[in-house]
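*Asks:* What follows is a predicted protein model with its sequence.
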Amino acid sequence: MRNSVETPDVNQPVRLRSAEGTEYASRVEGLDGDALTLARPFALPLDTTLDDGAPFDVLWTAATGLYELPSRVTERTVDGRVPVWHAAPTGPVRRTNRREHIRVNVAVPITVQCEATEVTGSLADLSEAGLRLQAERSLLPEELPVSVHVTFAVAGQEFDLGGTLLRSTPKGSSTELVITLPSDGATATALRRAVFAEQVRARQLS
């Protein structure tokens, strides 16, 4: 069995962070020694230099924390119908204290309840630790953080969760809300599975 600290496991969701700090969701499709086969992120811009060997970090979570592996693409192929990257490490694995979670773009209706006030909007992105949404209007308290309740459905599963509204930012005619979610094991696991299912669906659609 491989040491998951040295490399992530096959089928494990990972994030790829470019030198500019932009992060993209991916997945480990295979391992060959220290080399990784990664699903090419579907959300990459057309003019990306990552395809051509620009450096990036592979980020993943193991039982002992978050790890980063500096890498670059050495070859591009297609596995079945999935475009993949063959990536080689360019340095040693680094452990970081930052807490990271895979985040996926999701556009589904969401309701936010705060005491007697209810706000509806569209979910923008989701991770096991939090979410971001766009609301047409916000009558929520201006003094933050504040406890809220959110209701939405992702990957065929209904979520009815308490959370904490951390930020409310006007964006033109709408308001962007950022909410953290409970960290208990059952909730985090259910959200993680939903995020992974949405990643797979997005890759299939792309």
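*Replies:* Structure received. The structure presented is a predicted model; accordingly, all values stated were derived computationally and were not measured. Residues are numbered from 1 along each chain as shown.
*Asks:* what residue ranges in the chain score low on pLDDT?
*Replies:* 1-5, 63-65, 97-100, 138-139, 203-206 (pLDDT under 70).
*Asks:* quick one: the strands in it?
*Replies:* 13-18, 23-32, 35-39, 56-62, 65-79, 82-89, 94-96, 104-105, 109-114, 117-126, 130-135, 146-154, 157-171, 174-180 (DSSP state E).
*Asks:* Only C-alpha atoms, please: export the second one in PDB.
*Replies:* Right, strand 23-32. Extracted as PDB, the C-alpha positions of strand 23-32 are listed here (Å, rounded to 0.1, in the frame of the first residue of the first chain):
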ATOM      1  CA  GLU A  23      -7.100  26.700  -8.000                       C
ATOM      2  CA  TYR A  24      -8.800  24.100 -10.100                       C
ATOM      3  CA  ALA A  25     -10.600  20.900  -9.100                       C
ATOM      4  CA  SER A  26      -9.100  17.600 -10.400                       C
ATOM      5  CA  ARG A  27      -8.700  13.900  -9.500                       C
ATOM      6  CA  VAL A  28      -5.900  11.400  -9.500                       C
ATOM      7  CA  GLU A  29      -6.500   8.900 -12.300                       C
ATOM      8  CA  GLY A  30      -3.300   6.900 -11.800                       C
ATOM      9  CA  LEU A  31       0.100   6.600 -10.200                       C
ATOM     10  CA  ASP A  32       3.500   5.500 -11.600                       C
END
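*Asks:* Find the centremost residue of this protein, please.
*Replies:* Nearest to the geometric centre of the chain sits Arg103, at 1.5 Å (Cα atoms, centre = their mean).
*Asks:* for that one, what are its contacts?
*Replies:* Glu23, Ala25, Asp125, Leu126, Ser127, Val195 (Cβ atoms under 8 Å, 6 or more residues apart in numbering). For every residue, glycine as well, the C-beta is placed using N, CA and C.
*Asks:* now the strands of the chain in a markdown table, with mean neighbour count and distance to Thr49?
*Replies:* Listed next are the strands of the chain as a markdown table, based on neighbours: other Cβ atoms under 10 Å; distance: least, Cβ to Cβ, whole Å:
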| stretch | mean neighbour count | distance to Thr49 |
| --- | --- | --- |
| strand 13-18 | 20 | 8 |
| strand 23-32 | 18 | 13 |
| strand 35-39 | 20 | 16 |
| strand 56-62 | 21 | 10 |
| strand 65-79 | 15 | 10 |
| strand 82-89 | 19 | 13 |
| strand 94-96 | 12 | 22 |
| strand 104-105 | 18 | 22 |
| strand 109-114 | 18 | 35 |
| strand 117-126 | 17 | 24 |
| strand 130-135 | 21 | 27 |
| strand 146-154 | 17 | 32 |
| strand 157-171 | 14 | 30 |
| strand 174-180 | 19 | 29 |
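*Asks:* Would you mind saying which of those strands lies nearest Thr187?
*Replies:* Closest to Thr187 of these, according to Cβ to Cβ: strand 157-171, at 6.6 Å.
*Asks:* what's the offset of the closest one from the middle of its chain?
*Replies:* How far strand 157-171 lies from its chain's middle: 16 Å, per Cα atoms, centre = their mean, to the nearest Å.
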